[in-house]
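> Pasting a predicted model and its sequence here:
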Amino acid sequence: MKMSEKDWFIPGIYLIVGFVWITLSDNLLLYLGHIFVVPSGLLYVIGSLKGIFYVAITALLLFYLIRRRTKSLLYIKNDFERLFENNPNPMWIYDLENYRILLANKAASYQYGYTFLEFKKLTLYDLRPSSEHHKLNESLSNEVRRFGDSGEWLHKSKKGEFFYVNIFSHKTVYEGMKCRLVTSINVNKKVMAEIERENFQKSLDKAALVSITGVDGKLQEVNDLFCEISGYDRSELVGKPIQMLESGYHDEAFWHELWKKIRKGELWRGDVQNKSKSGEVFWVDMIISPIRNHSGEVYKFMSVNYDITERKKLEINQENLLNDFADYAFQTSHKLRGPLTSMLGLISIFKKYEDPAYLIEKMKETSETMDRVIREMNESLSRNAFTLMSEKREMININKSKKL
């Protein structure tokens, strides 16, 4: 192990002071004895005492230097405990030769469930499931940077529980060995939330038309189902105003109220009729959620739309049928009762009236009126019911062919 400048500091001071003292002290003593005419016996005593004085001075100097160095080592030890041992993030040091873990801190022991002694019996492979070993081999063979962010890894604890961590590391030296210091940040909640979000996004993309629109009304993002139902390519939609899908069914007041509400940051939901690229109309159950920035201002909108075209067709057919039934009931209660009343009156007169030809003509007119009313009633029932039954029959045939 190489010695640093600090390692040579104390011996260097001691060497310099000793060399100066030995070289100059005798000459200085003779010079002072000559000037002040000091007896030779006294000079001998002073010469003997100067050795004791040198030892005392150097002892005090060494004590001061060693004490200062000891304090420095104590500070280093405290820094080590604070920055490594007591660090809230799991950390460990491993040998670059055999990937054996040499030292781990308290947070690592808590997260992985191993004691300090158990950690020293582990390698990097023991902290990962076998499915991650190939990835670890590639990472270790390519790890040449002094500082590195290895990204997210799947780790396992002593109990066999799996969790995701983000690994940061850098080269260091520990007990004379080339090592790497690792910091393991637990990101399991974040990764699991991302996985759940991705699964939710995939499910949503299959079930709904999703779009992101700016406050200017221009489309920023659309999903695949949005493109499929609208008939447009993504490039034809992004950057274009959402109004390009309007069918003209809704009036200006409808759209004004919608935009007024969502720009205030309120949720809006309603049925909207749109028009595809081919000109066909389709209905969606639209839910618009305003999205706010860090300042709390609405800066874009997320729209989730469920295709309800078939439901709307059914509702329209049902409404038409109800209108037809209302018309049928009106004709039954008003138009048909009139000719029937006339017919009953003619029958009662027929028995007393002497001119049957006149009565027969009136009965004929009344019968023709009844026939016309009945035809109108049948027409009321058939004009929409027939279409609905035909569509229903067609859907049944399609479903049968799919099963086959």
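Happy to help now that I have it. Numbers count the residues shown, from 1 in each chain.

> Figure out the helix or strand that the nearest residue to Leu102 once chain neighbours are set aside lives in.
Leaving out its chain neighbours, the residue that sits closest to Leu102 by CB to CB, 6 or more residues apart in numbering is Ile93, at 4.9 Å. Backbone N, C-alpha and C define where each C-beta goes, glycine included. For Ile93, the host element (DSSP states H and E) is strand 91-95.

> residue ranges with poor pLDDT in the stretch 301-404 of the chain?
Counting by pLDDT under 70, the ranges of the stretch 301-404 of the chain that qualify are 321-360, 362-364, 367, 370-371, 373-404.

> Quick one: the strands in the stretch 251-400 of the chain, in order.
Counting by DSSP state E, counting those that start in this stretch, the stretch 251-400 of the chain has strands at residues 268-275, 281-292, 298-307.

> so can I have a markdown table of those strands showing distance to Ile185 and mean neighbour count?
Below are the strands of the stretch 251-400 of the chain laid out as a markdown table (distance: least, CB to CB, whole Å; neighbours: other CB atoms under 10 Å):
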| stretch | distance to Ile185 | mean neighbour count |
| --- | --- | --- |
| strand 268-275 | 40 | 17 |
| strand 281-292 | 29 | 17 |
| strand 298-307 | 31 | 17 |
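
> Any idea how many residues pack against Leu209?
By other CB atoms under 10 Å, the residues close to Leu209 number 24.

> my read: it touches Asn305, true?
Yes - with contact defined as CB atoms under 8 Å, Leu209 counts as touching Asn305 (4.0 Å).

> just checking, Lys156 touches Pro129?
Yes - Lys156 is within contact range of Pro129, at 5.4 Å (criterion: CB under 8 Å).

> out of the two, which sits in the busier spot?
Lys156 (17 against 12).

> residues in contact with the more buried one?
With contact taken as CB atoms under 8 Å, 6 or more residues apart in numbering, Lys156 is in contact with 127-129, 162-163.

> hang on, the earlier thing: find residues that contact each of Leu209 and Asn305.
226, 284.

> Confirm Pro88 sits in a strand?
No - secondary structure of Pro88 (DSSP: H, G, I helix; E, B strand; the rest coil): coil, not part of a strand.

> Next, the contact list for the closest residue to it other than its chain neighbours, please.
Spatial nearest neighbour of Pro88, chain neighbours left out: Ala107 (5.8 Å); criterion: CB to CB, 6+ apart. Neighbouring residues of Ala107 by CB under 8 Å, 6+ apart: 87-91.

> can you tell me how far Glu280 sits from Val210?
Counting by CB to CB, to the nearest Å, the gap from Glu280 to Val210 is 21 Å.

> What of Lys135?
In terms of CB to CB, Lys135 sits 33 Å off from Val210.

> try Thr115
Going from Thr115 to Val210 by CB to CB gives 50 Å.

> which one of these two has more residues nearby?
Taking other CB under 10 Å, Thr115 and Val210 do not tie; Val210 has more neighbours (18 against 11).

> For the more buried one, name its beta-bridge partners.
With DSSP bridges applied, Val210 shows beta-bridge pairing to Val304.

> so it touches Asp224, yeah?
No - Val210 is not in contact with Asp224 according to CB under 8 Å; the separation is 9.4 Å.

> related to what we said a few turns ago, can I assume the residue nearest to Pro88 sits in a helix?
Yes - according to three-state DSSP, Ala107 belongs to a helix.

> and the residue nearest to Leu102, what does it touch?
101-104, 172, 174, 179-182.

> Write the PyMOL selection for whichever of those are buried.
Applying 16 or more other CB atoms under 10 Å to the contacts of Ile93 leaves a buried subset, and the PyMOL line that selects it is:
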select buried, resi 101+103+104+179+180+181+182
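
> Narrow the contacts of Ile93 to those in strands?
101-104, 172, 174, 179-182 (DSSP state E).

> And the residues you listed, which is closest to Asp149?
For these, the minimum distance to Asp149 (CB to CB) is 11.4 Å, reached by Val182.

> In the beta-sheet assignment, what are the partners of the residue nearest to Lys120 when sequence neighbours are not counted?
Spatial nearest neighbour of Lys120, excluding adjacent residues (CB to CB, 6+ apart): Ile101 at 6.3 Å. Legend: beta-bridge partners of Ile101 under DSSP bridges are Tyr94.

> let's have the chain start at 811 instead
Sure thing, new numbering starts at 811, so read that last one as Ile911.

> Would you quantify the distance from Ile911 to Ala918?
Look at Ile911 and Ala918: by CB to CB, they are 9 Å apart.

> Then Gly958?
Distance of Gly958 to Ala918, given as CB to CB: 18 Å.

> higher neighbour count, these two?
Ala918 (23 against 17).

> which SS class is Gly1049?
Classification of Gly1049 using three-state DSSP returns coil.

> Spit out the contact partners of it.
By CB under 8 Å, 6+ apart, the contact set of Gly1049 is 1028-1030.

> repeat that with 7 Å
Neighbouring residues of Gly1049 by CB atoms under 7 Å, 6 or more residues apart in numbering: 1028-1029.

> how's the chain carved up into domains?
815-894, 897-999, 1018-1117, 1122-1204 (automatic domain parsing).

> I'd like to know which elements the strand or helix carrying Asn1009 is packed against.
Assigned by DSSP H and E, Asn1009 falls within helix 998-1017. Helix 998-1017 sits against strand 972-984, helix 1034-1040, with contacts defined as 3 or more CB pairs under 7 Å, 6 or more residues apart in numbering; DSSP states H and E.

> What are the buried residues along it?
For helix 998-1017, the neighbour count (16+ other CB under 10 Å) marks Val1001 as buried.

> now stretch 894-912
Buried residues in stretch 894-912, counted by 16+ other CB under 10 Å: 894, 900-905, 910-911.

> circling back: and the residue nearest to Pro898, how far from Arg1121?
56 Å.

> next one: Lys1070
27 Å.

> Show me what Val975 is bridged to.
With DSSP bridges as the criterion, Val975 is bridged to Trp963, Asn996.

> Pretty sure Asn996 sits against Ile977.
No - in this structure Asn996 lies outside contact range of Ile977 using CB atoms under 7 Å: 11.0 Å.
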